[in-house]
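# this one's sequence-less:
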Ligand code: C2E
Ligand code: CA
């Protein structure tokens, strides 16, 4: 896959984004998440790509612009509509219990239109809310405003799960753990990478796993790239895993081929 890097004189503009949206250039790639004990696929994470005329543009190069523009609501609507429509295809491919996990930014979580959009799309795509997870990244300062707390509560009242993304790489104030009912802790890629660095890194990862378990929250390790990492995590009680070792993020058609092959093994 060719990833197009944008340099400073070639920044994404809101007009580019608008044109891209109109032309259907935004697509989702899906990366499966696995139960490390059973090998079962539990969910897929939706990761957005911009299939621009110049090549594929990764999310960190356009999402910040999108967030600061008025396009964010249109984008949120598209995010839920597309991923939940694709979830039907995945579930119908023989994986009826797989969930869809979507990334939400702070800007989306401040938007009062979020809940009505989610409700409408769940209804229109005939999706049970228990199959939807929202990931909130810890690298943003997780001190939520009252509006955001209300939005979380409403999401969870609807039966939607909330995961903390990139856990351990942000501010880790832990304050949010008191009032947020977290359903999954996703430990950032850097942690899996650090496992081969030495005893100290492994002890820290062990503590993070125990921390989750004390709170009765399952822990997922992101960025698993090697057999050694996978085996260590499995042995040390990490619940779930995700990373290139299992599968790279894939477009829907390739994900379905991957799932078909998995069933045969
Ligand atoms: P993230 O949520 O932490 O996503 C994980 C990133 O790690 C993804 O990068 C994924 O492709 C990459 N990754 C997965 N497995 C491995 C591995 O084994 N090794 C390595 N080195 N990397 C791995 P990606 O797709 O470029 O996404 C970057 C970030 O953009 C995401 O980080 C997420 O915060 C954001 N993002 C992606 N899609 C969306 C979206 O629809 N909405 C919002 N708000 N943010 C999104
Ligand atoms: Ca994520």
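Everything's here; your move. Everything quoted here is computed from the prediction, not taken from an experiment. Numbers count the residues shown, from 1 in each chain. Ligands and ions are numbered 1, 2, ... in the order given.
# What's opposite the closest residue to ligand 2 within the stretch 151-265 of the chain in the beta bridge?
Residue of the stretch 151-265 of the chain nearest ligand 2, by CB to the ion: residue 165 (4.2 Å). Using the backbone N, CA and C atoms, a C-beta is placed for each residue, glycine as well. Here residue 165 sits in beta bridges with residue 137, as judged by DSSP bridges.
# What residues sit buried inside stretch 75-94?
For stretch 75-94, the neighbour count (16 or more other CB atoms under 10 Å) marks 75-80, 82-84, 86-87, 90-91, 93 as buried.
# didn't the residue of the stretch 151-265 of the chain closest to ligand 2 look like it was pressed against residue 135?
Yes. Counting by CB atoms under 8 Å, residue 135 is a contact partner of residue 165 at 4.2 Å.
# the more surrounded of these two?
residue 165 (24 against 20; other CB atoms under 10 Å).
# Might you report the residue contacts of that one?
Residues near residue 165 by CB atoms under 8 Å, 6 or more residues apart in numbering: 103, 135-138, 186, 188.
# any chance you could map the strands in the stretch 101-250 of the chain?
132-137, 161-167, 184-187, 219-221, 240-241, 250-251 (DSSP state E, counting those that start in this stretch).
# can you list those in JSON lines and add distance to residue 43 and mean pLDDT?
Below are those laid out as JSON lines (distance: least, CB to CB, whole Å; pLDDT from 0 to 100):
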{"stretch": "strand 132-137", "distance to residue 43": "6", "mean pLDDT": "93"}
{"stretch": "strand 161-167", "distance to residue 43": "9", "mean pLDDT": "92"}
{"stretch": "strand 184-187", "distance to residue 43": "9", "mean pLDDT": "95"}
{"stretch": "strand 219-221", "distance to residue 43": "9", "mean pLDDT": "97"}
{"stretch": "strand 240-241", "distance to residue 43": "8", "mean pLDDT": "98"}
{"stretch": "strand 250-251", "distance to residue 43": "14", "mean pLDDT": "98"}
